[in-house]
Every structure is written in C-alpha cells, then in structure tokens.
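Participant: Below are the sequence and a predicted model; questions follow.
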Amino acid sequence: MKTKSNPNNVGAAVIGLGRGRSHVSSYAVAENCDLIAVCDINEEKAKAIAEQYGCDYYTDYKEMLKRDDIDLVSVVTPSGMHSEMAVEVAKAGKHCLAEKPLDVTLEAIDAAIAAFDKYDKKLGCIFQNRLEPAVALTKQAVAEGRLGDLVVGNVMIKWYRNDDYYLANGGWRGTWKWDGGGSLMNQSVHTIDILQWIMGEPESVTAQIKVANHKIESEDIGCALVKFKNGAFGTITGSTATYPGFGTSIEIHGTKGGICVKDNQIVSWKIHNDDKEAMEAEEKKMIELTAKVKGSGANDPNAISQGTTFKQVQDMVDACRDEKRRPIIEGREGRNAVKLILGIYEAAKEDKKVVF
C-alpha cells in the first residue's frame, strides 16, 4: 500500500482518469505532496495508471475516501457527477479540486459549496486558463482602468471534435444529463468564464444554439449576445463543428484601448498613450511576453497545455497545507460561468431575452 513519504505532505487522490490524467501527473511532481491513489470504474485503466505512478488504485471512489492518508481529492468525472462526488469528499473530511464545470445545474453547484462550508473544507474549481499570462495581463489592465470604460468583449471558441470524441467513454459528452450541454458547457466554459471574469456580471442574454455536424443531444454551435451590468456588450461563439478547428480568440475593448488574445498569445495590445512610440513599445513587449505559449485544443483535446493545470494543482496543495490560505480559484467561482451558460440555453430554447 502506498504511504506518504513525509507525514506533513498532502496525500492526494484522483477520481476519473480521462482528463484526470493531467491531475495525476501534476500531483506526482507537486511539492509537499504524495499521490496516494487513483480511481476509475475501468479497472484496467486504473491499474495501469497506478502502476505507472507507483500509487494504489480503486474502482469504488467511496472505498478510496475511507483512507485517512488522503487529504485532497480531484474529481474529474463527467460533469453531471461532480457535485454528488464532491459532497461525498466533503463528508469524508477531505479537500476537493473539481474540474470545470463544477456541475451542470446551479442547485448541484450550491449543494457542493454548502457541503464544504458545513464540513469546513476547501473546494477549488479548475479554471486554469485564468492563469495564462495573456489572460492575467488583460485582467490586470482592465482592473487598473487602463482600457477606460468597457465597451464590448468578444470571445470565439471555434474548435472541432470528430464523432469518435463524442462516442468515447460511454458517450457522455454532448448529453444534457452528464455534460450539461455541448460546445458551450464543455469546450467553451473556460473562455466564457474569462469573459464574465473580465467584463463583469451579466444583466441579460439572447442566444441561438443548434446541432450542425454531430449526432448529439446538445449543441455543437452556439451564439449569444450578452449585456453586462456595466453597460458593455459581449458576444460568444462556441463550436465543435468548425472544421478543422480555428482556435480561441478573446477581444476586450474599452474607450481607451483594446487587447486581443489568440490561443493564449497576445496579438494586439493598443492602449492609449500620447507618446506613440511608448504605446508601440508596450504592445511589442506584451506580444513578446506570450509569443512562446504553446498548446491549443482547437482540434485535439490532448494538445491543450497542462502547465496551468499544474499551477492550479500546486496552489491547491499549498492551500491545504495552510489553514489561512484560500485556493486561487475557489468553488464559488465555478458558479458564474455556469449561470451564464444556463441563461444562454434558456434564451435559445425559449427564443427570448433572459434577464439575470
């Protein structure tokens, strides 16, 4: 049986070994952390990964949660299972890092948040794209008022997934029950989170969704027009039907300038400065800062960069070791993007404006 190498280390475990493999590899190299166990209903997969990383494996996550040497658990299962499993993690007296979205209904998300409050444990939600330098720099510029009053924010997630992607692992992706939707709730949720994180709280939304190129229940393309409470507008296009995949774009505009990000690289940084040379020099500097960023999931989910996932995993480990420290992205943050996406679905299905 795997044991901690140091009693002061955080003992970590992972439930779900699809996307969860990135959590496993992150815990395996995180400081002050020992990967104790992994769990998946596919025993062959669980055993193989356990052997690779020198840890124990389970097919029943509730049995795994009985262990006293596990302090932190990543829940990386189909989205509609996140809250139910996270609540069990809280009841077992352990901290949790849940994958996005935190769940597919606000009721389920609220139940998870309440459970960790009740048992006084920490809940983090994976939104690692917030940690990308291009995104963090954009957020900082907006927070400092450098773009002036916000006018419009545009995000486009033009990805492609083939039919095999939707059929894999029991075909849970693209279902309303387990995926909570399609290209908006699964692939686009990261970028929609960034849009509302930077632009502010939404006031209303109108939208359209449809299935264009897959045999799935939910949408593979969705378009929305958002009005934010600060008066700014926002547009969202999220798709897995845009062959062969054209990447992700984030554009934020204000009365004093705008910033454009493409696949986590700053491609335009134009903020008003009476000194034109200084303005151009700043743009050049910002473009160079992110020029070497790699990894896009436009046509291959395995091509997504894992660097920021590791940063968030390490942060969660550090938060578990320090009672006074909160996770950099808490579970409550997982509610906002889902609320907006659910509003988009309601607006599209009922062909009306949804007011939040």
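Facilitator: Thanks, I have it.
Participant: CA atoms only: put stretch 263-281 into CSV for me.
Facilitator: The C-alpha trace of stretch 263-281 is given here as CSV (Å, rounded to 0.1, in the frame of the first residue of the first chain):
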residue,chain,number,x,y,z
ASP,A,263,-4.8,30.9,-28.4
ASN,A,264,-3.3,32.4,-25.2
GLN,A,265,-1.0,34.7,-27.1
ILE,A,266,-1.4,38.4,-27.1
VAL,A,267,-1.6,39.5,-30.7
SER,A,268,-2.7,43.1,-30.2
TRP,A,269,-2.3,45.5,-27.2
LYS,A,270,-3.3,49.0,-28.1
ILE,A,271,-3.9,51.2,-25.0
HIS,A,272,-4.0,55.0,-25.4
ASN,A,273,-0.8,56.9,-24.8
ASP,A,274,0.0,60.4,-26.1
ASP,A,275,3.5,59.1,-26.7
LYS,A,276,3.0,56.9,-29.8
GLU,A,277,6.4,55.3,-29.5
ALA,A,278,5.8,54.3,-25.9
MET,A,279,2.4,52.9,-26.9
GLU,A,280,4.0,50.8,-29.7
ALA,A,281,6.9,49.7,-27.4
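Participant: how about that stretch: buried residues?
Facilitator: Neighbour counts using 16 or more other CB atoms under 10 Å place D263, N264, Q265, I266, V267, W269, K270, I271, N273, M279 of stretch 263-281 among the buried residues. No exception for glycine: its C-beta is placed from N, CA and C like everyone else's.
Participant: Identify the residues contacting the third one.
Facilitator: Counting by CB atoms under 8 Å, 6 or more residues apart in numbering, Q265 touches A134, I287, T290, A291, V293.
Participant: Now do the phi/psi pair for it.
Facilitator: phi -120, psi 130 (degrees, to the nearest 10).
Participant: Is it bridged to anything, and to what?
Facilitator: Using DSSP bridges, the bridge partners assigned to Q265 are K262.
Participant: any idea how far it lies from E288?
Facilitator: Distance of Q265 to E288, computed by CB to CB, to the nearest Å: 10 Å.
Participant: Pull out the buried members of the contacts of Q265.
Facilitator: With burial judged by 16+ other CB under 10 Å, the buried subset of those is A134, T290, V293.
Participant: which of these lies closest to R335?
Facilitator: A134 (24.6 Å; CB to CB).
Participant: Now the element after whichever helix or strand the closest one is part of, going C-ward?
Facilitator: Using DSSP states H and E, A134 sits in helix 133-143. Reading on from helix 133-143 to the C-terminus, the next helix or strand found by DSSP H and E is strand 150-158.
Participant: CA atoms only: put that next one into CSV for me.
Facilitator: What follows is strand 150-158, C-alpha atoms only, in CSV (Å, rounded to 0.1, in the frame of the first residue of the first chain):
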residue,chain,number,x,y,z
LEU,A,150,-15.6,48.8,-21.1
VAL,A,151,-17.5,48.8,-24.4
VAL,A,152,-17.5,45.2,-25.8
GLY,A,153,-15.9,41.8,-25.2
ASN,A,154,-15.9,39.2,-27.9
VAL,A,155,-15.0,35.5,-27.5
MET,A,156,-14.8,32.9,-30.2
ILE,A,157,-14.2,29.2,-29.5
LYS,A,158,-14.0,27.7,-32.9
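Participant: Can you give the strand pairings for it, parallel or anti for each?
Facilitator: Neighbouring strands of strand 150-158 in its sheet, by DSSP bridges, are strand 233-239 (parallel), strand 247-254 (antiparallel).
Participant: Make TSV out of those strands and add mean pLDDT, mean neighbour count and distance to S26.
Facilitator: Below are the strands paired with strand 150-158 laid out as TSV (pLDDT from 0 to 100; neighbours: other CB atoms under 10 Å; distance: least, CB to CB, whole Å):
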stretch	mean pLDDT	mean neighbour count	distance to S26
strand 233-239	98	22	26
strand 247-254	98	21	22
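Participant: Reformat those strands as a markdown table; add distance to S204.
Facilitator: Formatted as a markdown table, the strands paired with strand 150-158 follow (distance: least, CB to CB, whole Å):
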| stretch | distance to S204 |
| --- | --- |
| strand 233-239 | 10 |
| strand 247-254 | 20 |
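Participant: who wins for proximity to I49 among those?
Facilitator: I49 lies closest to strand 247-254 among those, at 29.0 Å (CB to CB).
Participant: what angle sits between the closest one and helix 133-143?
Facilitator: Strand 247-254 runs at 20 degrees relative to helix 133-143, counting by axes from the mean of the first three to the mean of the last three CA atoms, to 10 degrees.
Participant: how distant is strand 247-254 from the center of its chain?
Facilitator: Centre-to-centre, strand 247-254 and its host chain are 17 Å apart (CA atoms, centre = their mean, to the nearest Å).
Participant: Just name the closest of the buried ones among the contacts of Q265 to N32, please.
Facilitator: The closest of the buried ones among the contacts of Q265, once distances to N32 are taken by CB to CB, is V293, at 27.4 Å.
Participant: If you drop the residues flanking it in sequence, what lies closest to that closest one?
Facilitator: Spatially, and ignoring its direct neighbours in sequence, V293 is nearest to N264 (4.7 Å; CB to CB, 6 or more residues apart in numbering).
Participant: pretty sure that neighbour contacts A136?
Facilitator: No. Here N264 does not reach A136: they are 10.6 Å apart, not a contact under CB atoms under 8 Å.
Participant: could you pull out the helices for the stretch 201-350 of the chain?
Facilitator: 276-289, 307-321, 334-350 (DSSP state H, counting those that start in this stretch).
Participant: now the first one against helix 133-143, angle please.
Facilitator: On the basis of the same axes, to 10 degrees, helix 276-289 is oriented at 140 degrees to helix 133-143.
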